[in-house]
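1. compute the structure for the input listed below.
(3 chains)
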Amino acid sequence: MSVAPAVQAEMQTAVLEWYGENARDLAFRRTTDPWSVLVSEVIAQQTQAARAAEAWTRFIAQFPTPAALGSASPATVIRAWRGLGYDRRAVALRAAAIAIVDDHGGRVPDTFDELVRLPGVGPYTARAVLAIAFNRPVAALDTNIRRVLARAFVGDDDVPPRAFQALADGYVPPGRASSWTHALMDVGAAFCRARDPRCDACPLLAFCPYASQTRAVRATESAPAHPVPKRPSPRFESTTRWLRGRILDRLRDAPDGRWVTFDGPIGNHDVEAVLNALGDLARDEMVELDDSGHRTRLRSVG
DNA sequence: TTCCGGTGGT
DNA sequence: ACCACCGGAA
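-> Sure thing, here's the model as predicted:
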């Protein structure tokens, strides 16, 4: 269940003090500008923190405002997204920028309902922006933070998602939502890891039911559970997402606006598979196709 | 080779 | 309730 208020305050202090001295120096933490925070969260969803920080630095320099991103062509944005994966999210982020300009006067909105209506923004990202940029007392529950809170604050009870969110919101230290969010991410990455947790050095060790339980279990129990229900996974090169990646790389390398013809196989994908992938990419608004269905390019207009 | 993860679509 | 999307880390 929940933690006694006095203990809760001690735990908050332990986390924040640890963070004050051990925070990872990530570029996007030096700002609370809402647009910068939104971009950093979208990038960080798919990329580990250190790499995300590099990518964010480049991206935010190129598109420092919603207006800057919204007025760029999809092709420009997809090229800027190279190497980050999930290219549809780049297109969604651009659409979000346009919505911010058109519907919110160019400013990132500061309510959950408005944020979550933006393309590519779900409950996690909406709350992360509220907490980090606007310092609102909400918990941004990604899997790492959820795990930290579940282990150290909530204990073993499996609390249904709604109730968990409500509990987690209540654990946010007054006035410190922004630091709290970053701090829990670092605790999750440094100590409270899904595999091989390092409870011994964790700032929450003294308070954490999971840590004491883990010690007991480790002392008495032997090997963990079972291998796997494994199924033969297809070779990566035979997947459609690999094919999409190769197509997009070719298009990124082509001069802006130049049509590129796809009339042969790629890897072990035959022409039909290639054309199907082009159709998918067109439906996802990543590329435009000409009437032949063979010639394509990154979208120059949105 | 397997695993990881928010969002959105089914 | 699942799965596709992506690249990188373990």
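
2. for the residue nearest to the spatial centre of chain A, give me its contacts.
-> Centroid-nearest residue in chain A: A:Gln45, 1.1 Å away (criterion: C-alpha atoms, centre = their mean). Shown in contact with A:Gln45 (C-beta atoms under 8 Å, 6 or more residues apart in numbering): A:89, A:124-125, A:142. Quick note: C-beta positions are derived from backbone N, CA and C, even for glycine.

3. so which of those wins on neighbours?
-> In terms of neighbour count, A:Thr125 stands highest of those at 22 neighbours, by other C-beta atoms under 10 Å.

4. which residues touch that one?
-> A:Thr125 touches A:38, A:41-42, A:45, A:115, A:140, counting by C-beta under 8 Å, 6+ apart.

5. any idea how far A:Gln213 is from it?
-> 32 Å (C-beta to C-beta, to the nearest Å).

6. apart from its chain neighbours, what residue comes closest to the residue in the stretch 51-200 of chain A that DNA strand B sits nearest to?
-> Proximity of the stretch 51-200 of chain A to DNA strand B (C-beta to the nearest atom of the strand) peaks at A:Gly122, 2.3 Å away. Of all residues not flanking A:Gly122 in the chain, A:Val116 sits nearest, at 6.5 Å (C-beta to C-beta, 6 or more residues apart in numbering).

7. doesn't A:Tyr124 make contact with that neighbour?
-> No - between A:Val116 and A:Tyr124 there is no contact under C-beta atoms under 8 Å: 9.7 Å.

8. now do the shared contacts for these two.
-> In contact with both A:Val116 and A:Tyr124: no residue, using C-beta under 8 Å, 6+ apart.

9. just to revisit the earlier point, tell me which of the contacts of A:Gln45 is nearest to A:Ser2?
-> Set against A:Ser2, the nearest of these by C-beta to C-beta is A:Asp142 (21.1 Å).

10. where are the low-confidence patches of the stretch 101-250 of chain A?
-> A:156-157, A:216-235 (pLDDT under 70).

11. now, which of the contacts of A:Gln45 lie close to DNA strand C?
-> When C-beta under 7 Å from any atom of the strand is applied, no member of the contacts of A:Gln45 is adjacent to DNA strand C.

12. and A:Ala6, how many residues sit next to it?
-> 8.

13. secondary structure element for it?
-> Element membership of A:Ala6, judged by DSSP states H and E, is helix A:5-22.

14. could you give the average pLDDT over that helix?
-> Helix A:5-22 shows an average pLDDT of 95 in the prediction.

15. next up, the contacts around the residue nearest to A:Gly122.
-> Residues near A:Val116 by C-beta under 8 Å, 6+ apart: A:122-123, A:126.

16. report the separation between it and A:Ala96.
-> 11 Å.

17. from the contacts of A:Thr125, which two are the most distant?
-> A:Gln45 and A:Leu115 (14.5 Å).

18. on that earlier part again, which one of the contacts of A:Gln45 sits closest to DNA strand C?
-> A:Arg89 (7.8 Å).
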